[in-house]
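**Student:** Just a sequence and a predicted model for now, questions to come.
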Amino acid sequence: MELVGYDGYKHIKGTKIHALVSSEALLLSIQVGPGYEHDSKIFIKLLEDVKIKHSRGKPRSRPKEVTSDSAYDIKEIREYLKRRGVKANIDVNPRNRRKPKRGRPYRLDRKSYKRMRSAVERFFAWITLFKRLSIRYERLASTFLGFIQIACIIIHLRVLQ
């Protein structure tokens, strides 16, 4: 049992919910981490948990394209996606680039980026409708993750009706 974002004085320090969602704002993978940890540290774990079902055969573990915000604009993530053959649609973080880089710029499809960012925001809006998740009452990360998964099941059932 792991305590995430919790100290001995029984004050919740903060947690982050890291989610990978589809274009319909349905959950593909989720992780809970401490609030002080940077978003890019959990990205590879999230991508390794993805299982995309299709008509026949075993589920795919590699999406065609990943869209994320500028917090994930680091060299390791871009190289990881390139090794796995996944298209990266990541916004460039201006704080990472003191001078403009020479050569070919990174690919960014603004239309797809805007659509996927709205799907992510819609997913987190649906999650915050569950009051127990907007204010974290659980001490254990596994219990909190369990409640998030129950909320995601309810969201799936509502959307797929």
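**Tutor:** On my side now, so go ahead. Residues are numbered from 1 along each chain as shown.
**Student:** In space, what's closest to Glu138 - neighbours in sequence excluded?
**Tutor:** The shortest distance from Glu138 to any non-neighbouring residue, by CB to CB, 6 or more residues apart in numbering, is to Phe144 (4.4 Å). Bear in mind the C-beta positions are built from the backbone N, C-alpha and C, glycine included.
**Student:** is it true that that neighbour lies in a strand?
**Tutor:** No. Counting by DSSP: H, G, I helix; E, B strand; the rest coil, Phe144 is located in no strand; its state is helix.
**Student:** That one reaches Arg136, doesn't it?
**Tutor:** Yes. With contacts counted by CB atoms under 8 Å, Phe144 reaches Arg136, the gap being 6.0 Å.
**Student:** can you list residues touching both of the two?
**Tutor:** Shared contacts of Phe144 and Arg136, defined by CB atoms under 8 Å, 6 or more residues apart in numbering, are found at Thr15.
**Student:** Go through the helix or strand bottoming out on mean pLDDT in the chain and flag the buried ones.
**Tutor:** Lowest on mean pLDDT, DSSP states H and E among the helices and strands of the chain sits helix 131-134, with a mean of 82. Buried residues in helix 131-134, defined by neighbour count with 16 or more other CB atoms under 10 Å: Leu133.
**Student:** Now do it: which elements does it pack against?
**Tutor:** When contacts are defined as 3 or more CB pairs under 8 Å, 6 or more residues apart in numbering; DSSP states H and E, helix 131-134 sits against helix 110-128, helix 141-160.
**Student:** Adding mean neighbour count, write the ones you listed out as CSV.
**Tutor:** Formatted as CSV, the helices and strands packed on helix 131-134 follow (neighbours: other CB atoms under 10 Å):
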stretch, mean neighbour count
helix 110-128, 14
helix 141-160, 14
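**Student:** The closest residue to Val120 other than its chain neighbours: neighbour count?
**Tutor:** Sequence neighbours aside, Val21 is the residue nearest to Val120 in space, at 5.7 Å (criterion: CB to CB, 6+ apart). Around Val21 there are 19 other residues, counting by other CB atoms under 10 Å.
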